[in-house]
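Q: Pasted the sequence and its predicted model underneath.
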Amino acid sequence: MPPSRFPNGFCIRNKSTLVLHVGTWLLAASPTAPLFSQQYSNPQPGPLPPPSYNAGWGETSSHPTTNRHMSAGELPALPPNAPTSPLVVGSGITGSATNAAPENGIEQPLSTSEWLLLMEPETSPLDQPVDPSLGGKPVALEGFELPNHIDMNELKTIDGSETGKPLLWQRTIPNPRYTIYRDRASIADYMPGDGEQFGWIDFQSTPYLPRGQSSGLTTAMGLHLLSGPNSVPLPPRLWDFILGYQARDTFADRFSYDIAANVGVYSDFEDSVRDGVRALGHAVGMLHVNEIWDIVSGVDYLNRDDCKILPVIGYSWHNPSIPRWRVDMVFPRPRIQYVLDGGQRLYTAGLLGGGTWDIEMPGDVNDVITYRDLEWLFGHEHITTEGNISAIEMGYVFGRKLEFRSGQPDVDFNDAFVIRWITRR
């Protein structure tokens, strides 16, 4: 039997072929066909049309652009004023709309990519006319270059951390090794006192470098507003002015050191301050045994009347397999910390507090006082991505004593508490 021919030249050689073509057309028009179920039912935002525009088998719908009713299974036609420039759709398909212009008054069906483009115009920077001067890229992407290769070292994780490195919550200390004994800090604290109990409000900075610096000159200042005891005529305020130098470094990837020398004036500045001039400093070395253990030893020269020099000795434990915990059992400044999410840390620490000052007593009598206490602190820190630290801590204060160089009897005080605000760099 000769093949059947249609007016447009389409040839059907047998009935089986005809049934196959008709069945394929019916399947494409069915609401359950891949054309509808995979492309037009996409719930994500973008150039895909909403379900109300999907005309399935036995249904009609209105095209949102032409407002023309479509028969079952029909795809919308492009209106006469459709753009004729090359277009880029969100799926990455490039095409032209010129072939969809009316021909002899009969609208021609759109391709799938052209129809999708008309449904949701301007919903994506990719759904824009291309500019030949930009190498065929959409105008919206002017100035943006897609690299052929991305170096793995330039990739970031979702929280901004570099790939292959700990997350931000783990990077609360840039180098987990114990390489810094003292660093720059600004401190404000309050310890209540009245009647026969000694207390103060304290504002001070420490004469040390920020964590990111290895050497340089340092300055510091302190103001201590005193309260009580009534039986001892102490001045209402004490001052600290300090100038110093600090250096620290790591060499051979095995040893580190932190040394500092300071000269300060500690006095009420009511009379001669000669006895208030003191030199202080420390020299501390660290042996990095491995990625878990550091051994710390050295001396801390306080030059106080109650304590001239203290040994610095202990160890630091920081296991990479347990990154949230860190233990710095280093006398005289032990500390244990636990890292929370979001750059937060909880810690407990010990501290020797107090100092020595030159003062003027009633009757123009010069004396030197030394206040000493021991503090057990609990604190919370927040660490920014730049490495700055802000903390608030509360502590139990015990072993409180006030001594006089002139030989007056020492004065002991009851235990107290302290609230402290700290910022570090």
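A: Nice, I can see it. Numbers count the residues shown, from 1 in each chain.
Q: from here on, contacts and neighbour counts on C-alpha atoms
A: Noted.
Q: thought Arg425 was touching Glu386?
A: No. Taking contacts as C-alpha atoms under 8 Å, Arg425 lies outside contact range of Glu386: 9.0 Å.
Q: I'd assumed Leu225 was in contact with Asp240.
A: No. Asp240 lies out of contact with Leu225 (C-alpha under 8 Å); the separation is 12.0 Å.
Q: which of those two has more neighbours?
A: Asp240 (19 against 15; other C-alpha atoms under 10 Å).
Q: OK, contacts around the more buried one?
A: 220-223, 264-267 (C-alpha atoms under 8 Å, 6 or more residues apart in numbering).
Q: can we see that at 6 Å?
A: 221-222, 265-266 (C-alpha atoms under 6 Å, 6 or more residues apart in numbering).
Q: Helix or strand: which one has the residue nearest to Phe404 when sequence neighbours are not counted?
A: Spatial nearest neighbour of Phe404, excluding adjacent residues (C-alpha to C-alpha, 6 or more residues apart in numbering): Ile369 at 4.7 Å. Assigned by DSSP states H and E, Ile369 belongs to strand 365-383.
Q: Just the buried positions in that strand, please.
A: If you call a residue buried by 16 or more other C-alpha atoms under 10 Å, then strand 365-383 has these buried ones: 366-383.
Q: swap in stretch 304-315?
A: 304-306, 311-315.
Q: need the contact list for the nearest residue to Gly353 once chain neighbours are set aside.
A: Leaving aside its sequence neighbours, Gly353 sits nearest to Asp373 (C-alpha to C-alpha, 6+ apart; 5.1 Å). Residues in contact with Asp373, defined by C-alpha under 6 Å, 6+ apart, are 353, 398-400.
Q: Those residues, buried ones only, as a ChimeraX selection?
A: Buried members of these, defined by 16+ other C-alpha under 10 Å, are picked up in ChimeraX with:
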select :398,400
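Q: If we only consider the contacts of Asp373, which is nearest to Pro362?
A: Arg400 (23.8 Å; C-alpha to C-alpha).
Q: which SSE is that closest one in?
A: Under the assignment here (DSSP H and E), Arg400 is part of strand 389-404.
Q: Now do that strand and strand 365-383, the angle between them.
A: 160 degrees (axes from the mean of the first three to the mean of the last three C-alpha atoms, to 10 degrees).
Q: what sits up against the following helix or strand past strand 389-404?
A: Next helix or strand after strand 389-404 toward the C-terminus (DSSP H and E): strand 411-412. Contact with strand 411-412 is made by 400-402, as judged by C-alpha under 6 Å, 6+ apart.
Q: wait, what's in contact with Lys308?
A: Applying C-alpha under 6 Å, 6+ apart, the residues near Lys308 are Leu302.
Q: show me where the stretch 101-250 of the chain has strands.
A: 130-131, 137-138, 185-191, 199-205, 215-227, 237-251 (DSSP state E, counting those that start in this stretch).
Q: Let's have these in JSON lines, adding mean pLDDT and distance to Asn290.
A: Output for the strands of the stretch 101-250 of the chain, formatted as JSON lines (pLDDT from 0 to 100; distance: least, C-alpha to C-alpha, whole Å):
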{"stretch": "strand 130-131", "mean pLDDT": "54", "distance to Asn290": "58"}
{"stretch": "strand 137-138", "mean pLDDT": "52", "distance to Asn290": "53"}
{"stretch": "strand 185-191", "mean pLDDT": "97", "distance to Asn290": "29"}
{"stretch": "strand 199-205", "mean pLDDT": "96", "distance to Asn290": "34"}
{"stretch": "strand 215-227", "mean pLDDT": "96", "distance to Asn290": "26"}
{"stretch": "strand 237-251", "mean pLDDT": "96", "distance to Asn290": "14"}
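Q: Show me the one of those that comes nearest Asp410.
A: Short answer: strand 199-205, nearest of the strands of the stretch 101-250 of the chain by C-alpha to C-alpha, at 16.2 Å.
Q: What about the nearest residue to Asn388 once chain neighbours are set aside, how many residues nearby?
A: Take Asn388 and drop its neighbours on the chain: the residue closest to it by C-alpha to C-alpha, 6+ apart is Arg425, 4.8 Å away. Here the number of neighbours of Arg425 (other C-alpha under 10 Å) works out to 17.
Q: same thing with Tyr396?
A: Residues near Tyr396, counting by other C-alpha under 10 Å: 15.
Q: What strand or helix carries the closest residue to it other than its chain neighbours?
A: Spatially, and ignoring its direct neighbours in sequence, Tyr396 is nearest to Phe417 (4.7 Å; C-alpha to C-alpha, 6+ apart). With elements taken from DSSP H and E, the one containing Phe417 is strand 416-424.
Q: Name the surrounding residues that touch stretch 266-280.
A: Applying C-alpha under 6 Å, 6+ apart, the set of residues contacting stretch 266-280 is 238-240, 261-265, 301-302, 357-359.
Q: my bad, should have said stretch 351-360
A: With C-alpha under 6 Å, 6+ apart, stretch 351-360 has contacts from 266-268, 275-276, 304, 333, 366-375.
Q: got the CA positions of that stretch in CSV?
A: What follows is stretch 351-360 as a C-alpha-only set of coordinates in CSV (Å, rounded to 0.1, in the frame of the first residue of the first chain):
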residue,chain,number,x,y,z
LEU,A,351,43.4,34.6,89.4
LEU,A,352,45.6,36.4,92.0
GLY,A,353,44.1,39.8,92.4
GLY,A,354,45.2,43.1,94.0
GLY,A,355,48.3,45.3,93.8
THR,A,356,50.6,47.7,95.6
TRP,A,357,50.2,51.5,95.8
ASP,A,358,52.0,54.4,97.4
ILE,A,359,49.5,56.5,99.4
GLU,A,360,49.3,59.4,101.8
